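> need a 3D model of the following:
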Amino acid sequence: MTNNVRGVVTQEIDGKAYGFRLGANEWCELEDDLGKGTSAIVKDIEIMARSNDVDMRLFRSIFRAALSYSEPEATARDAGDLMEKMGMESAGLLVVKIIQAGMPKVEAKGGRGKPQRAVRRR
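Okay, here's the model as predicted:
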């Protein structure tokens with residue numbers, strides 16, 4: 001289940017429901033974990049997606065940071081254990097879903113194209 005407004009993805013793993021999110025706090029934790037800024041991390045994610053060459057440290061770090069939304073004390077080891085319990089392929093699909101939920105696409109709301117001129121008040 002995904003809450004698109006808050007970017008939360010809920011996933012049941014081994015009989016327990018976990019909430020995953022990549023909001024501001026989780027991105028900051030991810031930056032701390034990896035020693036890189038968000039732009040560099042996003043670039044690494046894009047490279048990994050295009051090459052099909054999985055960087056397990058990046059993969060687990062994203063999972064752990066997103067997991068910290070509902071499990072603030074979760075360690076990298078805890079994240080890896082949960083990934084193994086659900087299976088690596090399922091964990092990979094979950095990470096994609098979490099990233100997509102955390103970076104929703106902005107949709108146009110049907111304007112007229114050009115902004116109207118401001119009306120001068122007298």
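> where in this structure is pLDDT low?
Applying pLDDT under 70 to the chain flags the ranges 1-5, 104-122.
> helices of that one, start to end?
24-34, 38-51, 56-67, 76-86, 88-102 (DSSP state H).
> go through those helices and pick out the most buried.
helix 56-67 (a mean of 22; mean count of other Cβ atoms under 10 Å). Backbone N, C-alpha and C define where each C-beta goes, glycine included.
> what's the spacing between that one and its chain's center?
Helix 56-67 sits 9 Å away from the centroid of its parent chain (Cα atoms, centre = their mean, to the nearest Å).
> which other helices and strands does that helix contact?
Here helix 56-67 is seen to pack against strand 16-20, helix 24-34, helix 38-51, helix 76-86, helix 88-102 when contacts are counted using 3 or more Cβ pairs under 8 Å, 6 or more residues apart in numbering; DSSP states H and E.
> how does it look with 6 Å?
Judged by 3 or more Cβ pairs under 6 Å, 6 or more residues apart in numbering; DSSP states H and E, helix 56-67 is in contact with helix 24-34, helix 76-86, helix 88-102.
> packing partners of the last one?
For helix 88-102, the elements it packs on are strand 8-13, helix 56-67, judged by 3+ Cβ pairs under 6 Å, 6+ apart.
> any chance of these in a markdown table, plus distance to R50?
As requested, the helices and strands packed on helix 88-102 are exported to a markdown table (distance: least, Cβ to Cβ, whole Å):
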| stretch | distance to R50 |
| --- | --- |
| strand 8-13 | 23 |
| helix 56-67 | 14 |
